[in-house]
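Novice: Would you be able to build a 3D model of this:
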Amino acid sequence: IVISFQPRPGAIKAEDTAEAARSLQDAGYSATDLSCNELAKAHLRHLAGGRSNVENERLFRFEFPEAPGALQKFLEKLDKGFNVSLFHYRNHGDDFGRVLVGLQVAQSESSEFESFLAEVGYEYEEETDNMCRSMFL
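Specialist: All right, here's what the predicted structure looks like:
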């Protein structure tokens, strides 16, 4: 379960967060503060579903420019046989859209995949080892 909350008016955020975590733990729940985790803040809290076990899946957060053809460019450059296993798009009226993409990349295709990342030219962060992935995706 992902819970998002605002600190009480006048409260110190870190203290309120710690108090909420203690309350959950005292009630028998596990609690992890994800307030500094960009994957959780930008995407995870908006996803529904459950965990999956996709072979050779790598997870990336991209920033797509908010311009005509940005998705098309990504997909055309991707046309190398990599399977898209997850796609989640978020935009808040910025100059870029936040995109979470899961791609199946076999170990033997790593160099081709690195070439794709360089060719597409969008800012990205690999999230394959992010703790949120193992907890929720």
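Novice: Identify the residues contacting Ala40.
Specialist: Applying C-beta atoms under 8 Å, 6 or more residues apart in numbering to Ala40 gives the contacts 2, 34, 132. (Each C-beta comes from the backbone N, C-alpha and C, glycine too.)
Novice: What subset of these is buried?
Specialist: Neighbour counting with 16 or more other C-beta atoms under 10 Å marks 34, 132 as buried within the contacts of Ala40.
Novice: now the helix or strand of the chain with the lowest mean pLDDT, how far from the chain's geometric center?
Specialist: In the chain, no helix or strand scores lower on mean pLDDT, DSSP states H and E than helix 38-42, which sits at a mean of 79. Distance of helix 38-42 from the chain centroid (C-alpha atoms, centre = their mean, to the nearest Å) equals 6 Å.
Novice: Could I get the buried residue list for that helix?
Specialist: Applying 16+ other C-beta under 10 Å to helix 38-42 flags 39-40, 42 as buried.
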